[in-house]
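Visitor: predicted structure and sequence below. I'll ask about it afterward.
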Amino acid sequence: MPTLILRGQPIGKVKGVLFDKDGTLCNSEGYLLRLAELRIKAGSQLLIKQGSSAEELKLLEELLSKAYGLTSEGISPNGTIAIGSRENNLVSTATVICLLGKTWPEGLELSNQIFKLADDLERENKDKAEQRNLLPGVRETLTRIREADVTCALISNDSQIGIESFLSSNNIESSFSNLWSADQYPTKPNPFAVKGLCKNLNLHPSECALIGDANSDLLMARQAGVGITLGYTAGWTKKPQLTKHQYLINNWDELTIRQSKH
């Protein structure tokens with residue numbers, strides 16, 4: 001099997017590499033920040049229609065900002081908007097609304113309305129949309145891995161459509177043999193998500209490496225029996241504090257691969 005090389009040192013043999021997307025392959029901070037702000041704006045608009053006070057609106061903004069992981073330095077790499085699926089963020093939003101005195105059914109209904117309104121606002125401002133571009137060195141890394149006859153796959157809490165749009169807009173569809181999205185069950189960070197993806201690739205988890213920017217990704221990989229877990233640290237303004245990795249990558253130029261000798 002080909003050998004992964006990190007900063008000039010061999011770290012293990014692999015047949016497949018599983019990649020996270022946001023904060024690992026691409027810089028999504030601007031897009032996610034705008035999405036969070038649109039949801040907060042939508043929530044305020046809906047509560048105003050329901051006659052909420054200025055104090056309630058201020059509390060909604062503060063609580064949603066904390067729930068989504070918005071900070072003065074940008075988005076927290078460990079926040080819900082950075083790591084969680086749309087469903088995770090919907091539940092977080094509903095919980096915040098319940099803290100304002102609504103019932104759980106009311107919270108869920110309002111959250112769905114907030115997300116729909118935010119989606120509409122985003123579509124109206126598509127010309128201002130920030131493209132989720134590849135991080136420096138990603139394209140070259142994917143090329144090196146594929147040229148070594150190693151399978152690449154993508155595992156993300158984005159939707160199937162969102163992932164396919166990302167791959168298409170960056171012209172890297174051919175780099176990935178398979179993907180696992182939030183539309184499949186179970187979603188990450190359930191270790192069976194990794195096992196399901198590896199099964200689709202006809203690989204055992206122990207034959208793979210997983211690269212992600214969150215402790216939840218790395219712990220998931222270890223629980224699934226992935227052979228090599230690598231934390232990626234350069235995808236956010238605020239550097240993620242990782243502890244569940246075997247190795248850390250600070251930029252993509254540090255990772256190379258040596259083909260097996262026949």
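Guide: Happy to help now that I have it. Residues are numbered from 1 along each chain as shown.
Visitor: hey, let's count contacts and neighbours off CA atoms from now on
Guide: Noted.
Visitor: what about residue 124, neighbour count?
Guide: 11 (other CA atoms under 10 Å).
Visitor: typed the wrong thing, it's residue 223
Guide: A count of neighbours around residue 223, defined by other CA under 10 Å, yields 14.
Visitor: then the one 10 residues further on?
Guide: Summarising burial for residue 233: neighbours were counted as other CA under 10 Å, giving 22.
Visitor: list the contacts for it?
Guide: Under the criterion of CA atoms under 8 Å, 6 or more residues apart in numbering, the contact list for residue 233 reads 24, 213, 239, 240, 248, 249, 250, 251.
Visitor: and stretch 41-60, what's its mean pLDDT?
Guide: Averaging the model's pLDDT scores along stretch 41-60 yields 93.
Visitor: buried residues, it. List them.
Guide: In terms of neighbour count (16 or more other CA atoms under 10 Å), stretch 41-60 has its buried residues at 41, 42, 43, 44, 46, 47, 56, 57, 59, 60.
Visitor: quote the end-to-end distance of stretch 222-229.
Guide: From the first residue to the last, stretch 222-229 extends over 7 Å; the measure is CA to CA, to the nearest Å.
Visitor: would you format the buried residues of stretch 41-60 as CSV with distance to residue 106 and secondary structure included?
Guide: Rendered in CSV, the data for the buried residues of stretch 41-60 read as follows (distance: CA to CA, whole Å; DSSP: H, G, I helix; E, B strand; the rest coil):
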residue, distance to residue 106, secondary structure
41, 18, helix
42, 16, helix
43, 13, helix
44, 15, helix
46, 12, helix
47, 12, helix
56, 16, helix
57, 17, helix
59, 18, helix
60, 15, helix
